[in-house]
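1. After the sequence you'll find the predicted model.
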Amino acid sequence: MIHDDRDYRLTVFCLSALAFGLVLYPVFRMGWDFEIDQNEGWNAYYQLRAIAGQSLYVLDSPLAFNNYPPLSFYLVGALSLPVGDPVLAGRLASCLALGGIAASCFAIVRAAGGSRLDSGLAAATCIGLFAALATDYVGMNDPQLLAHTLILAGFALYLRGAPTPGRLAAVALLFAAGVLCKHNLTVVPLLVAADVLRRGPPAGRAAFFATGLGLAAAAGAALALLVGKTFFVQLLVSRIYDPEHGFLLTIDQLDRLQAPLAVVGLALIASRRRRPRGLLAGYLGLALLQGMAFAGGNNTDVNVFFDVYIALAIGTGLAAQAAGETMHLPGARSMVALAANAGVIVIAPLAFGRFYVDAAGEMARRERLFHADVAYLRAIPGPALCQSFLLCFRAGKPLFYDPFGVNQAIHWGRLPSDVLVARLRHQEIPVLVISDTPSHSPDDLPGVQTMPNRFFHFGDDVFAALRHHYVVGRVGISGRFWLPRPRPPETAG
């Protein structure tokens, strides 16, 4: 047993070192000024509006929309004051948030009876999964990880002590804060609410629901008073749903997560009657169902499976604990730990290779090219339509057009289908920077992406209008810069 403890300690240490090495890449990338994801510049606009006291939902342009709750914009906006830049502040918050999620995984495994080594394994697995499988979300200016941190802190607080009224009120407060950062992170709050209803003492139950419902009512009333129904219309609008995209994204994630799903799923099912393992098994199951359901939504990405990552990290620590208790085999806990992290171990060489290439000059090249695009755009007077929100943000352009929001509004009949094409015909937009290409590319516009895109936001009708009324003035890392085509001079009568 002593020898097994030494092997297990070494395994956890090695997996922790691997996770630390993997997370160094997004930490290193944080300070480079180029766009990691389209969300970064979009969030930066609203973070600046928040600290300036401007409305987050009644905007200057009818073609810009905000479908996120307000809290993250104020939190990151406040952090940007000492940091000096909302994008850097959001990236810093994201990296710290991953540490907070890992700390909650540690605390939850301890609350479930795991040792410090089991808890450390859960924390290392959490960081490894995110750093290896969701690299672009770690250290990105986006509220997703911040919201998970708040909700997981509430979950850990719930599991680590007696369900007193004060503790359950604090849990509800953390859940409310998390949902006010990202409104669709409902798995843990609903799971805990059901558990409180079933097992909570009357006083604790009253404190939990009074706090949660009270905060929800207060937030809703404040938003209704300040911005009217606009917030609720934008928040609750249906998304375009693509079952094919949902199926492919789900298959991709199940393929990447098959090792921890097998290890953790079997362990939690076998010990589901032991509290709180049954609760954690429910967390994993509900997270999987929610991820599969959300995967087909337009503009969704791997983030819809982040609750699965977290549940698997917690479950890995508990699976190792269970192996030590029930499998009287040398190295059983180490085998469970390595099996659950097999996907991360396999991906690690590719991740380190990417780190080396980017650190050796690719990041500097991307920053240089991005700054060249910014300088070119800044010299063009007037508003701009940018598929890269960060490009327009850095160039000092106002938030004018949200491709995702406009697509949704057109699809659901809230905007006319030619809302952009009509403006292009009259050359009302001084410059458009678009990285999409038409689905059927003509010879003069080859279908080569200048920057990676998960989704395409402009139809062939837009490109037909562009080719007729605009010309390409520049091709940069951010896309093609379309400028109004000079009109032929009018001939005298």
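-> Nice, I can see it.
2. hey, let's count contacts and neighbours off CA atoms from now on
-> Will do.
3. if you skip the residues just before and after it, what's nearest to the spatially most central residue of the chain?
-> By C-alpha atoms, centre = their mean, the chain has its centre lying nearest to Gln144, at 4.1 Å. Distances taken as C-alpha to C-alpha, 6 or more residues apart in numbering place Lys182 nearest to Gln144, at 6.4 Å, with adjacent residues excluded.
4. distance of the one you found from Ser72?
-> For Lys182, the distance to Ser72 (C-alpha to C-alpha, to the nearest Å) stands at 8 Å.
5. where along the protein do the strands fall?
-> 385-386, 432-434, 470-476, 479-484 (DSSP state E).
6. Please report how far Pro260 lies from Asp118.
-> Per C-alpha to C-alpha, Pro260 is found 15 Å from Asp118.
7. Pro438 now?
-> To Asp118, Pro438 is 51 Å away according to C-alpha to C-alpha.
8. which one of these two has more residues nearby?
-> Asp118 (28 against 19; other C-alpha atoms under 10 Å).
9. Mind pulling the model confidence for the residue lying closest to the more buried one once chain neighbours are set aside?
-> Of all residues not flanking Asp118 in the chain, Gly317 sits nearest, at 4.6 Å (C-alpha to C-alpha, 6+ apart). On pLDDT, Gly317 comes in at 95.
10. what's near enough to touch Leu56?
-> Contact analysis of Leu56 by C-alpha atoms under 8 Å, 6 or more residues apart in numbering lists 46, 49-50, 66, 70.
11. List the ones among those residues that fall in helices.
-> When the contacts of Leu56 are checked against helices (DSSP state H), the matches are 46, 49-50.
12. low-scoring pLDDT stretches of the stretch 251-400 of the chain, where are they?
-> 271-273, 327-328 (pLDDT under 70).
13. For Pro383, which residues are in contact?
-> By C-alpha under 8 Å, 6+ apart, the contact set of Pro383 is 397-398, 400, 429-431.
14. Next up, phi/psi of it, please.
-> Dihedral pair for Pro383: phi -70, psi 170, per degrees, to the nearest 10.
15. how about the nearest residue to His245, chain neighbours excluded?
-> Gly296 (5.4 Å).
16. unless I'm mixing things up, that neighbour is touching Arg239, no?
-> No - applying C-alpha atoms under 8 Å, one finds Gly296 not in contact with Arg239, separated by 9.3 Å.
17. For these two, indicate the residue with more neighbours.
-> With neighbours defined as other C-alpha under 10 Å, Gly296 and Arg239 compare such that Gly296 has more, 23 against 19.
18. Got the domain ranges for this structure?
-> 2-34+67-354, 356-484 (automatic domain parsing).
19. from those, which stretch is densest packed?
-> With neighbours defined as mean count of other C-alpha atoms under 10 Å, those peak in mean count at domain 2-34+67-354, which reaches a mean of 20.
20. ok, now how distant is Ala322 from Ile314?
-> For Ala322, the distance to Ile314 - C-alpha to C-alpha - is 13 Å.
21. related to what we said a few turns ago, compare the strands of the chain and give me the one nearest Val346.
-> strand 479-484 (33.5 Å; C-alpha to C-alpha).
22. ok, and what's touching that closest one?
-> By C-alpha under 8 Å, 6+ apart, strand 479-484 touches 427, 429-436, 449-451, 466, 469-475.
23. CA atoms only for it, dumped as PDB, please.
-> Output in PDB follows, covering the C-alpha atoms of strand 479-484 (Å, rounded to 0.1, in the frame of the first residue of the first chain):
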ATOM      1  CA  GLY A 479     -10.500  39.500 -44.000                       C
ATOM      2  CA  ARG A 480     -11.200  41.400 -47.200                       C
ATOM      3  CA  PHE A 481     -11.700  45.200 -46.900                       C
ATOM      4  CA  TRP A 482     -14.500  46.200 -49.200                       C
ATOM      5  CA  LEU A 483     -14.600  49.900 -50.200                       C
ATOM      6  CA  PRO A 484     -17.400  51.700 -52.200                       C
END
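24. what lines up beside it in the sheet?
-> strand 432-434 (antiparallel), strand 470-476 (antiparallel) (DSSP bridges).
25. and that strand, what's its mean pLDDT?
-> On average, strand 479-484 scores 96.
26. about what we covered before: a markdown table for the domains of the chain, including distance to Gln54?
-> As requested, the domains of the chain are exported to a markdown table (distance: least, C-alpha to C-alpha, whole Å):
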| stretch | distance to Gln54 |
| --- | --- |
| domain 2-34+67-354 | 11 |
| domain 356-484 | 13 |
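27. Next up, the contacts around Phe458.
-> Contacts of Phe458 (C-alpha under 8 Å, 6+ apart): 403, 436, 438.
28. pull the longest helix from this structure.
-> Every helix in the chain considered (DSSP H), the longest is helix 2-29.
29. Just to check, Ile101 is in contact with Ile151?
-> No - between Ile101 and Ile151 there is no contact under C-alpha under 8 Å: 9.0 Å.
30. for the spatially closest residue to Leu185 that is not a sequence neighbour, what are its contacts?
-> With C-alpha to C-alpha, 6+ apart as the criterion, Leu185 has its nearest non-adjacent residue at 6.2 Å, and that residue is Val179. By C-alpha under 8 Å, 6+ apart, the residues touching Val179 are 69, 147, 151, 185-186.
31. cool, and Asp142?
-> Here Asp142 is in contact with 39-40, 43, 90-91, 94 (C-alpha under 8 Å, 6+ apart).
32. please redo it, this time with the cut-off set to 10 Å
-> Applying C-alpha atoms under 10 Å, 6 or more residues apart in numbering to Asp142 gives the contacts 37-44, 72-73, 76, 87, 90-91, 93-94, 181-182.
33. Next step: the residues you listed restricted to helices.
-> Short answer: these in helices (DSSP H) are 39-44, 72-73, 76, 87, 90-91, 93-94.
34. Name the nearest of these relative to Ala122.
-> Out of the ones in helices among the contacts of Asp142, the member with the shortest distance to Ala122 (by C-alpha to C-alpha) is Ser94, at 19.3 Å.
35. Could you list which residues are in contact with that closest one?
-> 27, 30, 76, 88, 100, 137-147, 149.
36. redo that, cut-off 7 Å
-> Contacts for Ser94 (C-alpha atoms under 7 Å, 6 or more residues apart in numbering) come out as 138-141, 145-146.
37. Same question for Ala332.
-> By C-alpha under 7 Å, 6+ apart, the residues touching Ala332 are 323-324.
38. measure it to Thr164 for me?
-> Applying C-alpha to C-alpha, the value for Ala332 to Thr164 is 38 Å.
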